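> Sequence first, predicted model second:
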Amino acid sequence: MSGQQSEQNVEVSFAPLSLLMKDIPNSSYSCFARYLDKACQGAKVPVAIQDSDSAFAVGGAPLGRPEAAFHWIYGDRNVATSTLLRFLRDKIKFPQIYFPANIMPVAARHFPVAEMGIDYLFVHRGRNVDEVGETVEVIHFASHPTQVKIHNQIMEKFPPPEIWARCKFKYSGLVVSGEVVSVLEHTVEDGSNCAVQQVFTPDEYRGKGYARTLVGAAVKAMTDRGISPIYLCNSQNRKSVHVATQCGFELESVLGVVGG
């Protein structure tokens with residue numbers, strides 16, 4: 001029986017994430033599932049099962065993400081994973097889906113190659129990074145910022161205030177001469193790991209080491225609390241990869257991504 005015919009015999013249903021956590025691999029990539037399980041108790045996620053071949057996706061709707069776009073796939077068996085990817089393709093208008101890189105050929109059955117890419121997931125091994133200099137300041141946003149000057153390109157990266165409040169986004173920003181000139185998101189935290197992602201510096205401020213300074217400050221703050229940082233970025237973003245390695249991160253996983 002062909003893979004396509006086999007998929008027709010697999011249905012996608014919804015199951016409590018808490019019941020699926022035993023199938024989560026012990027890796028930093030699992031931080032996203034552990035975070036969702038902690039943040040949204042009772043959350044149900046899409047799952048495809050055929051005998052011992054299973055896959056499920058976490059993210060999206062339970063956190064109020066626009067269009068339920070963000071999902072992380074757990075499972076790398078062809079039939080169930082392919083069924084789940086097809087389900088997400090049909091249900092989500094603008095998907096952003098992460099999955100183990102070894103199932104890229106499976107994903108290519110359902111998404112144009114031009115929409116697919118590779119992301120790197122780095123872990124921090126405890127190597128020291130430089131302290132934040134005395135002439136800069138790092139501030140933290142627990143809600144949509146209104147009391148500080150922020151570069152327009154950064155403001156465009158922030159989610160709308162109502163989505164921010166619902167999802168409890170957390171950002172940190174580097175302040176230079178009274179203006180936030182570099183930001184990163186650190187919303188996803190599961191008690192053991194915290195994901196540093198969406199690092200961004202406006203064009204006119206790049207090349208000054210601001211992103212490295214900000215990421216270094218975030219790493220120190222997390223490790224001081226006993227939290228192990230992880231870092232997610234596109235593999236083609238060489239500057240972001242350089243920031244990660246300069247701040248003591250080491251590559252752990254290669255992920256496939258649709259819409260990233």
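Now that the structure is in, tell me what you want to look at.
> make it CA atoms for all contacts and neighbour counts henceforth
OK.
> Show me where the chain has its strands.
Shown for the chain, the strands assigned by DSSP state E span residues 12-16, 44-50, 53-59, 70-74, 96-100, 116-124, 137-141, 149-150, 171-176, 179-185, 193-200, 228-234, 249-258.
> Now mean neighbour count, mean pLDDT and distance to residue 242 too, for those strands, in TSV please.
Shown next, in TSV, are the strands of the chain (neighbours: other C-alpha atoms under 10 Å; pLDDT from 0 to 100; distance: least, C-alpha to C-alpha, whole Å):
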stretch	mean neighbour count	mean pLDDT	distance to residue 242
strand 12-16	15	88	39
strand 44-50	21	84	35
strand 53-59	23	81	28
strand 70-74	23	84	25
strand 96-100	23	88	22
strand 116-124	21	94	11
strand 137-141	15	87	21
strand 149-150	16	90	25
strand 171-176	22	92	18
strand 179-185	23	93	15
strand 193-200	22	93	12
strand 228-234	23	95	11
strand 249-258	20	93	10
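> Could you point out which of those sits nearest residue 165?
Of all those, strand 137-141 sits nearest to residue 165, with 11.3 Å by C-alpha to C-alpha.
> Report all helices and strands that that closest one contacts.
strand 171-176 (3 or more C-alpha pairs under 8 Å, 6 or more residues apart in numbering; DSSP states H and E).
> What pairs with the strand it packs on, parallel or antiparallel?
Strand 171-176 sits in its sheet next to strand 137-141 (antiparallel), strand 179-185 (antiparallel), going by DSSP bridges.
> angle of the last one against strand 193-200?
Same thing as strand 179-185. Counting by axes from the mean of the first three to the mean of the last three C-alpha atoms, to 10 degrees, strand 179-185 lies at 140 degrees to strand 193-200.
> May I have strand 179-185 as PDB, with CA atoms only?
What follows is strand 179-185, C-alpha atoms only, in PDB (Å, rounded to 0.1, in the frame of the first residue of the first chain):
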ATOM      1  CA  GLU A 179      15.800  54.200  22.900                       C
ATOM      2  CA  VAL A 180      15.200  50.500  22.600                       C
ATOM      3  CA  VAL A 181      17.500  49.400  19.800                       C
ATOM      4  CA  SER A 182      17.400  45.600  20.000                       C
ATOM      5  CA  VAL A 183      14.900  43.100  21.300                       C
ATOM      6  CA  LEU A 184      14.400  39.400  21.900                       C
ATOM      7  CA  GLU A 185      11.500  37.200  23.000                       C
END
